[in-house]
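Colleague: Show me how the following folds:
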Amino acid sequence: MPKASLYLTGACLLPSLMILLAAGISGQDGHAINLEHVLAANSMQHLLGTDPLGRDLLDRLAEGLLLSITVSVAVVAAGALIGISLGLMAGWSGGWLDTILMRLADIVLSFPGILLAIAMAAMLGPGVENLVMALVAVGWVGFARLTRAQVLSLKSVPFIEAAIALGHSAPYIAFRHLLPNIAAPLLVEGSFGIAAVMIGEAGLSFLGVGVQPPNASLGTMIREGAQMMLVAPMMVVWPGIVLFSLVMAVNLWGDALRDKLDVRMEKHHA
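Modeller: Alright, predicted model coming up:
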């Protein structure tokens, strides 16, 4: 990967790493209510101050950061598993199965992703598990369409035709030949998917259909801080900086990964 991209990615990851390290060292409990320290300023005890209930902002920020990363990885992993499986079946089988699966994908794509996720989360109810399910219901489509397109382009290449002539089963061909050859674009899709899910999780939590109090999320922290903007603006600034820098880091890493895995880019630089 280009050194500039790595440096930028590291710079964007720095705030998140510093917050996790500082929270681990301070050892504060982000759920402990202390009405004697309501909206306290920065101090050695509370490095980033406290919220309207006297809870330590640094620890809650670290908790929200870890939750955002966990939800993003879980959603992308589940979406990739579902989408790649459906894309392989659609691209390899063709016919009526391909038509049904792709029309289903078109139906999902016909709605704005965030609105569909809001509707799903509202129907399932608030909570982390339901939030993951709602985001997976939207996130599998990109993997399915990309996998189908890649499989269609590989079906007629000589080594696939040779595997078919040798009598290998479809699952064997998929795992032995197809998936290794389409892994690069799927990895790039996954990297950008993580960034999109981070924004989606924060947006749903901000709207009140995602993570619920007392659990901390970057989205819920921004929502709570928005009510105190004139009194304690840093309650919005800190989670906003963390969310922005984390999404930027993932996007920069995805760009660098795409350039690294793109053969045409390597030929151009050569």
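
Colleague: Got phi/psi on Thr50?
Modeller: Thr50 adopts backbone torsions of phi -130, psi 170, taken as degrees, to the nearest 10.

Colleague: in the helix or strand encompassing Leu204, what's buried?
Modeller: With elements taken from DSSP states H and E, the one containing Leu204 is helix 179-207. Along helix 179-207, the positions that meet the burial threshold by neighbour count (16 or more other CB atoms under 10 Å) are 179, 182, 184-186, 188-206. Using the backbone N, CA and C atoms, a C-beta is placed for each residue, glycine as well.

Colleague: does Leu218 really touch Leu204, like I thought?
Modeller: No - distance between Leu218 and Leu204: 11.3 Å, which falls outside the contact criterion (CB atoms under 8 Å).

Colleague: same for the helix holding Leu204, what does it pack against?
Modeller: For helix 179-207, the elements it packs on are helix 57-93, helix 113-124, helix 128-154, helix 218-226, helix 234-261, judged by 3 or more CB pairs under 8 Å, 6 or more residues apart in numbering; DSSP states H and E.

Colleague: can we see that at 6 Å?
Modeller: Helix 179-207 makes packing contacts with helix 57-93, helix 128-154, helix 218-226, helix 234-261 when contacts are defined by 3 or more CB pairs under 6 Å, 6 or more residues apart in numbering; DSSP states H and E.

Colleague: Make a markdown table out of the ones you listed and add mean neighbour count and distance to Cys12.
Modeller: As requested, the helices and strands packed on helix 179-207 are exported to a markdown table (neighbours: other CB atoms under 10 Å; distance: least, CB to CB, whole Å):
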| stretch | mean neighbour count | distance to Cys12 |
| --- | --- | --- |
| helix 57-93 | 22 | 13 |
| helix 128-154 | 21 | 23 |
| helix 218-226 | 22 | 15 |
| helix 234-261 | 19 | 4 |
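
Colleague: what residue lies at the spatial centre of the protein?
Modeller: For the chain, the residue lying nearest the average C-alpha position, counting by CA atoms, centre = their mean, turns out to be Ile194 (2.4 Å).

Colleague: how near is that residue to Phe159?
Modeller: With distances defined as CB to CB, to the nearest Å, the gap from Ile194 to Phe159 amounts to 32 Å.

Colleague: ok, how many other residues are close to Ala32?
Modeller: Neighbourhood size, Ala32 [other CB atoms under 10 Å]: 11.

Colleague: how about it, secondary structure?
Modeller: Reducing the assignment to helix, strand or coil with DSSP: H, G, I helix; E, B strand; the rest coil, the entry for Ala32 is coil.

Colleague: Tell me both backbone torsions, phi and psi, for it.
Modeller: For Ala32, the backbone dihedrals are phi -80, psi 120 (criterion: degrees, to the nearest 10).

Colleague: and what of the one 10 residues further on?
Modeller: Here is the backbone geometry of Asn42 (degrees, to the nearest 10): phi -60, psi 140.

Colleague: ok, and the closest non-adjacent residue to it?
Modeller: In space, not counting the residues next to it along the chain, Asn42 is nearest to Gly49; the distance is 5.4 Å by CB to CB, 6 or more residues apart in numbering.

Colleague: Contact partners for the one you found?
Modeller: When contacts are counted by CB atoms under 6 Å, 6 or more residues apart in numbering, Gly49 is found next to Ala40, Ala41, Asn42, Leu57.

Colleague: Now flag whichever of those residues is closest to Gly113.
Modeller: Leu57 (30.6 Å; CB to CB).

Colleague: Which pLDDT value belongs to the closest one?
Modeller: Per-residue confidence for Leu57 comes out at a pLDDT of 91.

Colleague: my read: it touches Ser43, true?
Modeller: No - at 11.4 Å, Leu57 and Ser43 do not qualify as touching, with contact defined as CB atoms under 6 Å.
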